[in-house]
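[1] Please find the sequence and the predicted model below.
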Amino acid sequence: MTTGRTLAELGRLLGAEVVGDPTLAILGVAPLEEARPDELSFLHNPKYVSVARASRAGAVIVPDPALLPGRNLLVHPHPYLVHARALALFFPEAEPEEGIHPTAVVDATAELAEGVSVGPWTVVGPECRIGSGTVLGAGVVLGRQVEIGDECRLHPHVVVLDRCRIGNRCILQPGVVVGGDGFGYATVNGVHHKVPQVGIAVLEDDVEVGANTCIDRGALRETRIARGTKIDNLVQVAHNVTIGEGSLIVALVGLGGSTRIGEHAVLGGQVGTAGHLTIGDGAIVSGRAGVIKDVPPGAFYGGFPARPHREWLKGLAEQRKIPGLLERVARLEHRLAELEARSDGGDDDKQ
Amino acid sequence: MTTGRTLAELGRLLGAEVVGDPTLAILGVAPLEEARPDELSFLHNPKYVSVARASRAGAVIVPDPALLPGRNLLVHPHPYLVHARALALFFPEAEPEEGIHPTAVVDATAELAEGVSVGPWTVVGPECRIGSGTVLGAGVVLGRQVEIGDECRLHPHVVVLDRCRIGNRCILQPGVVVGGDGFGYATVNGVHHKVPQVGIAVLEDDVEVGANTCIDRGALRETRIARGTKIDNLVQVAHNVTIGEGSLIVALVGLGGSTRIGEHAVLGGQVGTAGHLTIGDGAIVSGRAGVIKDVPPGAFYGGFPARPHREWLKGLAEQRKIPGLLERVARLEHRLAELEARSDGGDDDKQ
Amino acid sequence: MTTGRTLAELGRLLGAEVVGDPTLAILGVAPLEEARPDELSFLHNPKYVSVARASRAGAVIVPDPALLPGRNLLVHPHPYLVHARALALFFPEAEPEEGIHPTAVVDATAELAEGVSVGPWTVVGPECRIGSGTVLGAGVVLGRQVEIGDECRLHPHVVVLDRCRIGNRCILQPGVVVGGDGFGYATVNGVHHKVPQVGIAVLEDDVEVGANTCIDRGALRETRIARGTKIDNLVQVAHNVTIGEGSLIVALVGLGGSTRIGEHAVLGGQVGTAGHLTIGDGAIVSGRAGVIKDVPPGAFYGGFPARPHREWLKGLAEQRKIPGLLERVARLEHRLAELEARSDGGDDDKQ
């Protein structure tokens, strides 16, 4: 944490409107419940307004000043965004060491732009090109002809293999593997012959990838993660997958080969998709769903096999009605048998 | 495997009572089915008593000498614990090389206690503190201000990022990532702005973490794994998760952000939990369950959505009754139609 | 991509029969939709025959020349295999640097056969034995007494721990961990005491393992992956698991301890198996299935709990009949009540 800022300074730096005492000194950021009078907090969801009122926070980021009358406020329509900016201000990233660590092995044919930082034990292969301001952490391995854009951050032990391309401002958490071979075999008489995976993986600008996630190279062409998409930890992205702009893929998701995911889609944790299907733009697939056929744009799907979320919930509710059905059918059988007996009796009477 | 021990020595070293020939020489440890007359085996579960009787093992660890009359025995109420001790005795861990490998990069401001072993290509960042007897394997990367306790073992390629803290006697299998960024974005008009993850991850004493498991740092505060908890391979622990003492988390589990898991809880393989929920002390969640609401203390849950395990099994059994229901309803419809016809006929007769 | 080949040369090199112009120059390989007149493509599945007819590909690999009359063809009963061979021809793997990188740390007691390539920052422990032509990528870590066969490829950051054995021609993608400790504890009064994992992991010849997959060592004996089995990314193979020859394990599968998988079995993505069960030879388990009891040889299973695939689908179809059942039962109740009323009325009339 750095030194404090006045509320006025914060308003200016974070792009928010100041309400209350502009000279108030703010030393840090904290959750509403824990914030002290010299700390900034934020109110994102109106349902926490009573928590905010009870908070000792010196100032609160709010979407509307009417929510917290009489308090020191930073007002902005997107409080969570301002919160993110405040964190970046109060917790600046540690400056990486400039230049190339003496233990790094950088091929003579690699081109590193200005301001690139290369950590210890990092390997940069032949004909790689690294953009300005990019930071390669310790133990990063880049194969041949890898391209990395500007202002990227590759954390320790990231591996990017031959010819794969990473855009600008991408963040790869530790242990990410980009460009491993896809799972492709020509099986003849029970023997699986490896099909060489000769495509590449491409991450466009502003993509973030979580720890130990694997993004396989294309079989012939590309696996592609479009601009601004964010992928969590331990996700499997198989060969030839494409993910559109601004999508979110939560941890432990498995995307089968050639899955096509649209823009601004959201896949919850542990979702799996069979290969060669399409999840439309803006679709949301809830956690643990198993997708075995296309999901239309804008749809909200869940369950396994995945179907419209409402249908899935309805199906679950219906299952809970089986015991009642069993009882009702047993009662019907009993009543019907009685009626039949009576009816037969009636018939007998008539004879 | 080291040289042999007499049964008497073993009894003393392993804390078990000796029954039979104290001079018997034992050279190793093996499963009941494979053990030779100079090997020790163990009988943990009384249902394997006939296997134990047929075993050629020279001696057997048992909870009760009456189970194997006439055999050489080590008697202890917890045979599996004595088995563990015997393995540690016969298969001592290879002594790590003392001191700092000449290729390691240890920052001048890092403090290493006595007896620390640092493997080749390992990086210890500024102001780290490493406790006595701790072993850092090859290619381990510690960020800035990382604290590691005494007698820990960090296997090759473990990454622990800035400010995270590991207690005493912790074991981190290869490829573990502690302190990667959590998955947090402020989304405005479809653009996901990264929320800086400024908290830390804390592992208390005696925690073990399996290969390639990821434990994200807290968003603002802490992700915390309490004392004695054991986590298997490829598990995702999201930001702000807390796990109580002595819990067990099996492979490929995904814990959503801010999940709170109590003490002595057990989560089977591939379980997933939605974020911001609580799994109580002593709760057991069976493999592949998907937890979307709180699990009470001591409960046994299963299925997706997770519910009490007995309810889940009952629900599965009920589903299997649908074909029978369909048949019974068809028969009822048929019989009722007949009765209605007859009743109408009767009415007709009366007219 | 290398220089071109005539169709005649390709036929000879790839073992396929040439139909059409043997002098045609082929410069590369591409999918049917994208191939240019100087590129080779393949027709694997007769359902794409119209795509193949519309393709501009200079030549097509086909199983039967009658499928594409008048075109330049390479004919072979297994077009996908010939496609794989063509890729290997046109996209030869980059030659690894020969010999041991000056930054590698190779123990003096390790034995490296001729033609072994050891990348930068790679560690080869005491008494390791590496077969001829094997390539160890950057940052690979081999423990003590590890054995690796001939012509293997260990990609960057692979870890193989003490005493584990890898056969010939194995491929380990980046981040694979072989020989981590299994998840075994003797729990006494809520304290989990580690059971030393003293077995090994063995990969036989021609095994491929995907990125960041974990294969634990045996508890006492072996975890074993038999010849020709292929494992995808992020798979968990617990201690004592055995997998027979020629099986396929797709991404994110979790195999519980002591699972026995037969030969030529296929497990779809995200499948989980409880421990100590058997999946028979040739069995297929569809993606996301949860296996909790044995799967017979040759069976096709799916769902959770896994059952014969047809039964699983039938069960899903039956669930969709619950709303109809509810309606029919309600109607029956109504009709029966009417009939009962009428019958009572009839009785009344008779009084």
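    Received it, and whenever you're ready, just let me know what you need. Numbers count the residues shown, from 1 in each chain, chains lettered A, B, ... in the order given.

[2] can you pull the contacts of A:Ser55?
    Residues near A:Ser55 by Cβ atoms under 8 Å, 6 or more residues apart in numbering or on different chains: A:32-33, A:35, A:41. For every residue, glycine as well, the C-beta is placed using N, CA and C.

[3] Can you name the residues of the stretch 101-250 of chain A that neighbour chain B?
    A:101, A:103, A:119-121, A:137-139, A:155-157, A:171, A:173-175, A:208, A:210-212, A:228, A:230, A:232-234, A:246, A:248, A:250 (Cβ under 8 Å from any Cβ of the partner chain).

[4] Filter those down to just the ones in strands.
    Among these, DSSP state E puts A:171, A:208, A:230, A:248 in strands.

[5] what's the burial count for the second one?
    It refers to A:Glu208. 23 (other Cβ atoms under 10 Å in any protein chain shown).

[6] ok, it to C:Arg217 distance?
    34 Å (Cβ to Cβ, to the nearest Å).

[7] With A:Ala251 instead?
    Plainly put, A:Ala251 is 26 Å away from C:Arg217 if you go by Cβ to Cβ.

[8] So between these two, which is more surrounded?
    It is A:Ala251, of A:Ala251 and C:Arg217, that has more neighbours when counted by other Cβ under 10 Å, with 29 against 25.

[9] What is the neighbour count of A:Asn45?
    12.

[10] pLDDT at it, what is it?
    Listed pLDDT for A:Asn45 reads 87.

[11] Please report the distance of it from chain B.
    12 Å (Cβ to the nearest Cβ, to the nearest Å).

[12] A:Val159 pairs with what?
    Beta-bridge partners recorded for A:Val159 (DSSP bridges): A:Val141, A:Val177.

[13] C:Val140 is in contact with that one, correct?
    No. A:Val159 is beyond contact range of C:Val140, at 11.3 Å (criterion: Cβ atoms under 8 Å).

[14] any common contacting residues for these two?
    If you check A:Val159 and C:Val140 against Cβ under 8 Å, 6+ apart, the residues they both contact are C:155-157.

[15] which one of the residues you listed has the most neighbours?
    C:His157 (33 neighbours).

[16] List the contacts of the closest residue to that residue other than its chain neighbours.
    Closest residue in space to C:His157, ignoring its immediate chain neighbours: C:Gly139 at 4.7 Å, by Cβ to Cβ, 6 or more residues apart in numbering or on different chains. Residues near C:Gly139 by Cβ under 8 Å, 6+ apart: A:121, A:123, A:139, A:141, A:157, B:121, B:139, B:157, C:119-122, C:156-157.

[17] So in chain A, where's the weakest helix or strand by average pLDDT?
    helix A:322-350 (a mean of 84; mean pLDDT, DSSP states H and E).

[18] Tell me the buried residues in that one?
    The neighbour-count check on helix A:322-350 (16 or more other Cβ atoms under 10 Å in any protein chain shown) flags A:322, A:325-326, A:328-329, A:332-333, A:335-336, A:339, A:342-343, A:346 as buried.

[19] Stretch A:76-91 now?
    Buried residues in stretch A:76-91, counted by 16+ other Cβ under 10 Å: A:76, A:78-91.

[20] show me where pLDDT drops low in the stretch 251-351 of chain A?
    A:345-351 (pLDDT under 70).

[21] what does it put close to chain B?
    Near chain B, when you scan the stretch 251-351 of chain A using Cβ under 8 Å from any Cβ, you find A:251-252, A:264, A:269-270, A:287-288, A:304, A:316, A:319-320, A:322-323, A:325-326, A:329, A:332-333, A:336, A:339-340, A:343, A:346-347.

[22] quick one on the thing from earlier: closest one of the ones in strands among the residues of the stretch 101-250 of chain A next to chain B to A:Arg310?
    Distance to A:Arg310 across those (Cβ to Cβ) is lowest for A:Leu248, with 21.4 Å.

[23] Go ahead and confirm the closest one touches B:Gly184.
    No. Between A:Leu248 and B:Gly184 there is no contact under Cβ under 8 Å: 11.0 Å.

[24] How about residues contacting the helix or strand harbouring A:Arg310?
    When elements are assigned from DSSP states H and E, A:Arg310 belongs to helix A:309-319. Residues from elsewhere that reach helix A:309-319, judged by Cβ under 8 Å, 6+ apart: A:284, A:286, A:300-303, A:306-307, B:305, B:315, B:318-319, C:319-320, C:322-323, C:326.

[25] at 10 Å what do you get?
    With Cβ atoms under 10 Å, 6 or more residues apart in numbering or on different chains as the test, helix A:309-319 has contacts from A:284-286, A:289, A:299-308, A:325, B:304-305, B:315-316, B:318-319, B:322, C:316, C:319-323, C:325-326.

[26] For the contacts of C:Gly139, could you give me JSON lines that also reports distance to C:Asn189 and pLDDT?
    Below are these laid out as JSON lines (distance: Cβ to Cβ, whole Å; pLDDT from 0 to 100):
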{"residue": "A:Trp121", "distance to C:Asn189": "44", "pLDDT": "95"}
{"residue": "A:Val123", "distance to C:Asn189": "49", "pLDDT": "97"}
{"residue": "A:Gly139", "distance to C:Asn189": "41", "pLDDT": "97"}
{"residue": "A:Val141", "distance to C:Asn189": "46", "pLDDT": "98"}
{"residue": "A:His157", "distance to C:Asn189": "38", "pLDDT": "98"}
{"residue": "B:Trp121", "distance to C:Asn189": "41", "pLDDT": "95"}
{"residue": "B:Gly139", "distance to C:Asn189": "37", "pLDDT": "97"}
{"residue": "B:His157", "distance to C:Asn189": "34", "pLDDT": "98"}
{"residue": "C:Gly119", "distance to C:Asn189": "48", "pLDDT": "96"}
{"residue": "C:Pro120", "distance to C:Asn189": "49", "pLDDT": "96"}
{"residue": "C:Trp121", "distance to C:Asn189": "44", "pLDDT": "95"}
{"residue": "C:Thr122", "distance to C:Asn189": "44", "pLDDT": "97"}
{"residue": "C:Pro156", "distance to C:Asn189": "44", "pLDDT": "98"}
{"residue": "C:His157", "distance to C:Asn189": "39", "pLDDT": "98"}
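
[27] Between the residues you listed, which sits nearest A:Ala52?
    Lowest distance from A:Ala52 to the contacts of C:Gly139 (Cβ to Cβ) belongs to A:His157, with 40.8 Å.

[28] what's near enough to touch the closest one?
    A:His157 touches A:121-122, A:137-141, A:172-177, A:211-212, B:139-141, B:157-159, B:175, B:177, C:139, C:156-157, C:174-175, counting by Cβ under 10 Å, 6+ apart.

[29] Now it: phi and psi?
    phi 70, psi 20 (degrees, to the nearest 10).

[30] Please state the offset of the helix or strand containing A:Arg224 from the chain centre?
    Using DSSP H and E, A:Arg224 maps to strand A:222-225. Its chain's average C-alpha position is 16 Å from that of strand A:222-225, according to Cα atoms, centre = their mean, to the nearest Å.

[31] Which neighbouring elements make contact with it?
    Under the contact criterion of 3 or more Cβ pairs under 10 Å, 6 or more residues apart in numbering or on different chains; DSSP states H and E, strand A:222-225 touches strand A:165-166, strand A:177-180, strand A:200-203, strand A:214-216, strand A:236-237, strand A:242-243.

[32] residues contacting the spatially closest residue to A:Gly149 that is not a sequence neighbour?
    Nearest in space to A:Gly149, with sequence neighbours left out and distances taken as Cβ to Cβ, 6+ apart, is A:Asn168 at 3.6 Å. Contact partners of A:Asn168, counting by Cβ under 10 Å, 6+ apart, are A:131-134, A:148-152, A:204-207, A:227.

[33] would you list those in CSV and tack on neighbour count?
    As requested, the contacts of A:Asn168 are exported to CSV (neighbours: other Cβ atoms under 10 Å in any protein chain shown):
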residue, neighbour count
A:Gly131, 21
A:Ser132, 13
A:Gly133, 18
A:Thr134, 24
A:Ile148, 27
A:Gly149, 22
A:Asp150, 18
A:Glu151, 16
A:Cys152, 24
A:Glu204, 19
A:Asp205, 17
A:Asp206, 24
A:Val207, 26
A:Arg227, 18
